[in-house]
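S.K.: Take this sequence and fold it.
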Amino acid sequence: MWKGNRNLNDNKRCTVDLNRNYPFLWRESDGTCQRYPGTYRLSERESMYHAFYMDKFIHLIKGYITLHNYGRFILLPWSHTLKTDAPYYNEMLSLGNKMKEELKSKKNVDYRVGSSSNILYPCHGTSSDYAKSLGVKYVYVVELSPEIETDSIGFIVNEDQLTTIGEEALIIFDVMLRQVYSEL
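M.R.: Numbers count the residues shown, from 1 in each chain. Sure thing, here's the model as predicted:
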(Lines give C-alpha, C1' and ligand atoms only; values in the text may rest on other atoms or scores of the structure.)
Protein backbone atom coordinates (compact mmCIF):
# COMPACT_ATOMS: atom_id res chain seq x y z
CA MET A 1 0.00 0.00 0.00
CA TRP A 2 1.13 3.51 -0.78
CA LYS A 3 1.26 5.47 2.46
CA GLY A 4 2.18 9.07 1.86
CA ASN A 5 1.74 11.90 -0.57
CA ARG A 6 3.15 11.70 -4.09
CA ASN A 7 6.07 14.06 -3.55
CA LEU A 8 9.48 12.40 -3.71
CA ASN A 9 11.88 14.13 -1.35
CA ASP A 10 15.60 14.79 -1.39
CA ASN A 11 16.28 11.11 -0.84
CA LYS A 12 14.38 10.33 -4.10
CA ARG A 13 12.82 7.17 -2.71
CA CYS A 14 10.39 8.02 0.11
CA THR A 15 7.13 9.92 -0.03
CA VAL A 16 5.94 11.74 3.08
CA ASP A 17 3.37 10.41 5.52
CA LEU A 18 1.56 13.72 5.99
CA ASN A 19 0.37 12.67 9.43
CA ARG A 20 4.00 12.66 10.61
CA ASN A 21 4.86 16.06 9.08
CA TYR A 22 3.29 18.45 11.62
CA PRO A 23 5.50 20.68 13.77
CA PHE A 24 4.46 19.59 17.26
CA LEU A 25 7.17 17.17 18.42
CA TRP A 26 8.14 16.34 14.83
CA ARG A 27 10.91 13.77 14.71
CA GLU A 28 13.45 12.92 12.02
CA SER A 29 13.15 9.71 10.06
CA ASP A 30 14.46 6.41 11.35
CA GLY A 31 15.74 5.72 7.83
CA THR A 32 12.74 3.74 6.61
CA CYS A 33 10.00 4.83 4.23
CA GLN A 34 7.05 3.27 6.09
CA ARG A 35 6.16 6.42 8.04
CA TYR A 36 8.61 8.92 6.58
CA PRO A 37 8.03 12.31 8.28
CA GLY A 38 9.64 14.47 5.60
CA THR A 39 12.97 16.25 5.51
CA TYR A 40 11.79 18.81 8.08
CA ARG A 41 8.58 19.78 9.88
CA LEU A 42 5.91 21.10 7.50
CA SER A 43 8.11 20.24 4.52
CA GLU A 44 5.02 19.38 2.48
CA ARG A 45 2.57 21.84 0.98
CA GLU A 46 -0.44 19.88 2.19
CA SER A 47 0.54 19.94 5.86
CA MET A 48 2.04 23.45 5.61
CA TYR A 49 -1.21 24.99 4.33
CA HIS A 50 -3.34 22.93 6.70
CA ALA A 51 -1.24 24.11 9.67
CA PHE A 52 -1.33 27.70 8.36
CA TYR A 53 -5.14 27.71 8.36
CA MET A 54 -5.33 25.99 11.72
CA ASP A 55 -3.05 28.68 13.17
CA LYS A 56 -4.96 31.49 11.47
CA PHE A 57 -8.41 30.33 12.59
CA ILE A 58 -7.54 28.65 15.90
CA HIS A 59 -9.85 31.05 17.75
CA LEU A 60 -12.77 29.49 15.84
CA ILE A 61 -11.81 25.81 16.15
CA LYS A 62 -13.62 24.06 19.00
CA GLY A 63 -13.24 20.48 17.79
CA TYR A 64 -10.99 18.56 15.42
CA ILE A 65 -11.50 15.14 13.86
CA THR A 66 -9.05 13.53 11.47
CA LEU A 67 -10.45 10.52 9.61
CA HIS A 68 -8.35 7.46 8.80
CA ASN A 69 -8.94 3.84 7.98
CA TYR A 70 -9.16 1.31 9.36
CA GLY A 71 -9.90 -0.36 12.71
CA ARG A 72 -12.98 1.15 14.38
CA PHE A 73 -11.11 3.29 16.89
CA ILE A 74 -11.90 6.69 18.40
CA LEU A 75 -8.46 7.88 19.47
CA LEU A 76 -7.51 10.78 21.72
CA PRO A 77 -4.23 12.67 22.13
CA TRP A 78 -1.52 12.20 22.86
CA SER A 79 -0.01 10.20 20.01
CA HIS A 80 3.62 10.80 20.98
CA THR A 81 3.50 9.47 24.56
CA LEU A 82 1.73 6.78 26.56
CA LYS A 83 0.67 9.43 29.10
CA THR A 84 -3.01 10.33 29.17
CA ASP A 85 -2.48 13.86 30.41
CA ALA A 86 -3.69 15.90 27.44
CA PRO A 87 -5.76 18.92 28.50
CA TYR A 88 -9.46 18.01 28.80
CA TYR A 89 -8.62 14.31 28.51
CA ASN A 90 -11.57 13.23 30.67
CA GLU A 91 -13.98 15.39 28.67
CA MET A 92 -12.62 13.97 25.40
CA LEU A 93 -12.91 10.43 26.76
CA SER A 94 -16.50 11.02 27.87
CA LEU A 95 -17.46 12.45 24.47
CA GLY A 96 -15.61 9.63 22.70
CA ASN A 97 -17.67 7.15 24.70
CA LYS A 98 -20.86 8.98 23.65
CA MET A 99 -19.74 8.59 20.03
CA LYS A 100 -19.15 4.89 20.66
CA GLU A 101 -22.61 4.47 22.24
CA GLU A 102 -24.33 6.25 19.34
CA LEU A 103 -22.50 4.07 16.81
CA LYS A 104 -23.55 0.94 18.69
CA SER A 105 -27.14 2.13 19.00
CA LYS A 106 -27.60 3.33 15.41
CA LYS A 107 -25.27 1.08 13.37
CA ASN A 108 -24.61 -1.88 15.71
CA VAL A 109 -20.83 -1.49 15.39
CA ASP A 110 -18.27 -1.53 18.18
CA TYR A 111 -15.57 1.13 18.31
CA ARG A 112 -12.78 1.19 20.87
CA VAL A 113 -12.04 4.50 22.65
CA GLY A 114 -8.73 5.60 24.19
CA SER A 115 -5.44 7.36 23.59
CA SER A 116 -3.74 6.86 20.23
CA SER A 117 -0.45 5.70 21.66
CA ASN A 118 -2.02 3.17 24.02
CA ILE A 119 -4.41 1.60 21.51
CA LEU A 120 -2.13 1.68 18.47
CA TYR A 121 1.46 2.89 18.88
CA PRO A 122 3.35 6.08 19.72
CA CYS A 123 4.07 8.41 16.80
CA HIS A 124 5.28 11.98 16.36
CA GLY A 125 4.34 14.95 14.22
CA THR A 126 0.63 14.10 13.95
CA SER A 127 -2.11 16.56 13.03
CA SER A 128 -4.10 15.55 16.11
CA ASP A 129 -1.26 16.31 18.52
CA TYR A 130 -0.69 19.57 16.65
CA ALA A 131 -4.37 20.53 17.04
CA LYS A 132 -4.21 19.68 20.74
CA SER A 133 -1.00 21.69 21.17
CA LEU A 134 -2.84 24.71 19.76
CA GLY A 135 -5.46 24.40 22.50
CA VAL A 136 -8.36 22.72 20.69
CA LYS A 137 -10.55 21.16 23.39
CA TYR A 138 -11.98 18.15 21.54
CA VAL A 139 -9.48 16.32 19.31
CA TYR A 140 -9.94 12.86 17.79
CA VAL A 141 -8.35 10.49 15.32
CA VAL A 142 -11.11 8.25 14.01
CA GLU A 143 -10.08 4.99 12.39
CA LEU A 144 -13.23 4.08 10.48
CA SER A 145 -14.59 0.63 9.58
CA PRO A 146 -13.83 -2.14 8.91
CA GLU A 147 -12.47 -3.68 12.10
CA ILE A 148 -8.83 -4.72 12.10
CA GLU A 149 -9.63 -8.16 13.50
CA THR A 150 -12.16 -9.03 10.80
CA ASP A 151 -10.69 -7.62 7.62
CA SER A 152 -7.09 -8.10 6.57
CA ILE A 153 -7.39 -5.66 3.64
CA GLY A 154 -9.15 -2.79 5.42
CA PHE A 155 -7.26 -0.10 3.54
CA ILE A 156 -9.06 -1.21 0.39
CA VAL A 157 -12.75 -0.63 0.99
CA ASN A 158 -15.36 -2.12 -1.30
CA GLU A 159 -17.63 0.40 -2.98
CA ASP A 160 -20.69 -1.15 -1.34
CA GLN A 161 -19.23 -0.29 2.11
CA LEU A 162 -18.76 3.42 1.45
CA THR A 163 -22.27 4.52 2.40
CA THR A 164 -22.17 2.59 5.66
CA ILE A 165 -18.75 3.96 6.57
CA GLY A 166 -19.90 7.48 5.66
CA GLU A 167 -22.93 7.09 7.92
CA GLU A 168 -20.64 6.09 10.79
CA ALA A 169 -18.53 9.21 10.22
CA LEU A 170 -21.65 11.41 10.21
CA ILE A 171 -22.76 9.97 13.56
CA ILE A 172 -19.37 10.81 15.04
CA PHE A 173 -19.47 14.37 13.67
CA ASP A 174 -23.05 14.84 14.89
CA VAL A 175 -22.16 13.85 18.46
CA MET A 176 -19.19 16.20 18.55
CA LEU A 177 -21.02 19.10 16.92
CA ARG A 178 -23.87 18.82 19.43
CA GLN A 179 -21.36 18.95 22.29
CA VAL A 180 -19.46 21.91 20.86
CA TYR A 181 -22.72 23.77 20.17
CA SER A 182 -23.90 23.18 23.75
CA GLU A 183 -20.76 24.93 25.01
CA LEU A 184 -21.09 28.08 22.89
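
S.K.: And the helix or strand of the chain with the lowest mean pLDDT, how far out from the chain middle?
M.R.: Taking mean pLDDT, DSSP states H and E as the measure, the chain has strand 138-147 as its least confident helix or strand, at a mean of 88. Relative to its parent chain, strand 138-147 has a centroid offset of 7 Å by C-alpha atoms, centre = their mean, to the nearest Å.

S.K.: Residue 106: neighbour count?
M.R.: 13 (other C-beta atoms under 10 Å). For every residue, glycine as well, the C-beta is placed using N, CA and C.

S.K.: and if you look at residue 98?
M.R.: 17.

S.K.: Equivalent analysis for residue 102, please.
M.R.: Neighbour tally, residue 102, other C-beta under 10 Å: 17.

S.K.: Just to be sure, it is in a helix?
M.R.: Yes. The assignment for residue 102 is a helix, going by DSSP: H, G, I helix; E, B strand; the rest coil.

S.K.: Hmm, residue 175 and it touching each other?
M.R.: Yes. With contact defined as C-beta atoms under 8 Å, residue 102 reaches residue 175; the gap is 5.4 Å.

S.K.: Which elements pack onto the least confident helix or strand of the chain?
M.R.: Judged by 3 or more C-beta pairs under 8 Å, 6 or more residues apart in numbering; DSSP states H and E, the packing partners of strand 138-147 are strand 63-71, strand 73-76, helix 89-107, helix 127-133, helix 162-182.

S.K.: List the strands paired with it, with their directions.
M.R.: Paired neighbours of strand 138-147 in the sheet (DSSP bridges): strand 63-71 (parallel), strand 73-76 (antiparallel).

S.K.: which one is residue 78 nearest to, not counting chain neighbours?
M.R.: residue 86 (5.3 Å; C-beta to C-beta, 6 or more residues apart in numbering).

S.K.: who's in contact with the one you found?
M.R.: Residue 86 makes contact with 76, 77, 78, 92, 115, 132, 139, according to C-beta atoms under 8 Å, 6 or more residues apart in numbering.

S.K.: Serialize those to TSV and add fields for distance to residue 51.
M.R.: TSV is the format used below for these (distance: C-beta to C-beta, whole Å):
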residue	distance to residue 51
76	20
77	16
78	18
92	21
115	22
132	13
139	14
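
S.K.: In CSV, list those residues along with neighbour count and distance to residue 53.
M.R.: Shown next, in CSV, are these (neighbours: other C-beta atoms under 10 Å; distance: C-beta to C-beta, whole Å):
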residue, neighbour count, distance to residue 53
76, 28, 23
77, 29, 20
78, 25, 22
92, 25, 22
115, 23, 26
132, 24, 17
139, 29, 16
